[in-house]
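In: task: produce atomic coordinates for the following.
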Amino acid sequence: MRHKPPYTAPEMEFDCAKFLSKHVNLYLFESYKICKFVGAVKLHLAPTQTLIFVSLWSDHLNIHNMQLNLKRPILFLDLETTGLNVATDRIVEICVLKISPDGTREIKTRRINPTIPISPEAQAIHGISNEDVANEPTFKEIAKSLANWMEGCDIAGYNSTRFDVPMLSEEFLRAGIDFNFRKRKLVDVQNIFHKLEQRTLKAAYRFYCDKDLENAHSAEADTVATFEILEAQLDRYPQDLQNDISFLSEFSTKSRNLDYAGRVVLDEEDQPIFNFGKHKGRRVKEVFQTEPSYYDWMMRGDFTLDTKKVLTEIKLSNGV
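Out: Below is the predicted model of the structure:
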């Protein structure tokens, strides 16, 4: 979560910047890293570098008319990981963009030592190698400060309810921190997108923002793109969407999952039922009453810590 210092460029390279510098800060980063973002416009200088003009008055550069109507801060997050298994894989990079009700934006990006090997398939997507994160802190080392920074915020992301939130929840639980995402509104921009347009993140960015998504699958680029897409969605669908996080949370929620992995869901009478295996469709309380060993089997099994936590709460609340 460290920011690089401002880049001082020779005057001859940036004649046009003399005027703009009265209104913006100039930063130069590697093409996939934007460590400070307040309504940025990218000017590509070379394949490995991008000049970022960061506006001190972001509304001057904001191409969207719709501003998020926030009652409390909201976090847009994106993760790069060692693989896709929420129960066993780990985070290698996290980016979180915090938007406050007054419009203030703060973005933090951090690479993390996952303590396990990064799969070749994952490395081929995000380009982060085991050597890249060998000297980075583990998630456990940053978990407390991250949880404190995220406290009191709602959560948004792209495919976040099915992947980013479950993965981050597992990492927090593994680090001994019970960060309760269920107390927050969760807005999944992908679900809104799929309900109304059905595209990929890259296509969504092009469709809604009329821009190409550079450096897709870097956590920071995907995070910023997701935030911009949500603002553009509010612009495009004023009749379908309300600029209200509670509405967006409900609208972008596809399932009635009680756990992030979808092993336990609510039935039509809002009672917890199993959503997999031999007891699929049966109420959890009834299964635990007739087959107590099933709970023990799940506690020993390769299920997420979040799933086990939910089942334990159901078991205790029903006295079985």
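In: in the stretch 101-250 of the chain, mark out all the helices, start to finish.
Out: 120-126, 139-150, 165-174, 189-196, 201-209, 219-236, 245-251 (DSSP state H, counting those that start in this stretch).
In: columns distance to Glu106, mean neighbour count and mean pLDDT on top of the ones you listed, output as a markdown table?
Out: C-betas here are computed from N, CA, C, even on glycine. Output for the helices of the stretch 101-250 of the chain, formatted as a markdown table (distance: least, C-beta to C-beta, whole Å; neighbours: other C-beta atoms under 10 Å; pLDDT from 0 to 100):
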| stretch | distance to Glu106 | mean neighbour count | mean pLDDT |
| --- | --- | --- | --- |
| helix 120-126 | 23 | 14 | 93 |
| helix 139-150 | 9 | 16 | 96 |
| helix 165-174 | 18 | 22 | 96 |
| helix 189-196 | 19 | 20 | 88 |
| helix 201-209 | 21 | 18 | 87 |
| helix 219-236 | 12 | 23 | 93 |
| helix 245-251 | 18 | 18 | 92 |
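In: so which of those gets nearest Asp259?
Out: helix 165-174 (8.3 Å; C-beta to C-beta).
In: care to break the protein down by domain?
Out: 11-60, 74-251, 264-317 (automatic domain parsing).
In: just those domains: most buried one?
Out: Greatest average neighbour count among those goes to domain 74-251 (a mean of 18), per mean count of other C-beta atoms under 10 Å.
In: for that one, measure first residue to last.
Out: End-to-end span of domain 74-251 (C-alpha to C-alpha, to the nearest Å): 16 Å.
In: report the distance from it to the chain centre.
Out: 1 Å (C-alpha atoms, centre = their mean, to the nearest Å).
In: picking that back up, CSV for the helices of the stretch 101-250 of the chain, including distance to Lys183?
Out: Formatted as CSV, those follow (distance: least, C-beta to C-beta, whole Å):
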stretch, distance to Lys183
helix 120-126, 30
helix 139-150, 12
helix 165-174, 12
helix 189-196, 20
helix 201-209, 27
helix 219-236, 21
helix 245-251, 12
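In: of these, which is nearest Thr109?
Out: Using C-beta to C-beta, the nearest of those to Thr109 is helix 219-236, at 4.9 Å.
In: so what does the closest one touch, helix or strand wise?
Out: When contacts are defined as 3 or more C-beta pairs under 8 Å, 6 or more residues apart in numbering; DSSP states H and E, helix 219-236 packs onto strand 74-81, strand 91-99, strand 105-111, strand 154-157, helix 189-196, helix 201-209.
In: apply 10 Å and report the result again.
Out: strand 74-81, strand 91-99, strand 105-111, strand 154-157, strand 186-188, helix 189-196, helix 201-209, helix 245-251 (3 or more C-beta pairs under 10 Å, 6 or more residues apart in numbering; DSSP states H and E).
In: closest to Ile177 out of the ones you listed?
Out: Taking the helices and strands packed on helix 219-236 one by one with C-beta to C-beta, strand 91-99 is closest: 13.9 Å.
In: wait, what's in contact with Ile192?
Out: By C-beta atoms under 10 Å, 6 or more residues apart in numbering, the residues touching Ile192 are 158, 204, 229-230, 233-234, 237, 240-241, 248, 251-252.
In: before we move on, what about Leu311?
Out: 258-259, 263-264, 272, 274, 284, 288, 294-295, 298-299, 303.
In: repeat for Val189
Out: 76, 156-160, 201, 204, 208, 225-230, 233, 248, 252.
In: likewise Thr115?
Out: Per C-beta under 10 Å, 6+ apart, neighbours of Thr115: 82, 90, 133, 138-140.
In: repeat that for Arg282.
Out: Here Arg282 is in contact with 267, 273-274, 290-291 (C-beta under 10 Å, 6+ apart).
In: quick check: it vs Val265, distance?
Out: Look at Arg282 and Val265: by C-beta to C-beta, to the nearest Å, they are 12 Å apart.
In: list residues touching both of those two?
Out: What both Arg282 and Val265 touch, as defined by C-beta under 10 Å, 6+ apart, is the set 273-274.
In: nearest to Met66 among the domains of the chain would be which one?
Out: domain 74-251 (3.9 Å).
In: any regions of this structure where pLDDT drops low?
Out: Applying pLDDT under 70 to the chain flags the ranges 1-65, 198-199, 254.
In: what residue lies at the spatial centre of it?
Out: Leu77 (2.7 Å; C-alpha atoms, centre = their mean).
In: so which of the helices of the stretch 101-250 of the chain is nearest Ile99?
Out: helix 219-236 (7.0 Å).
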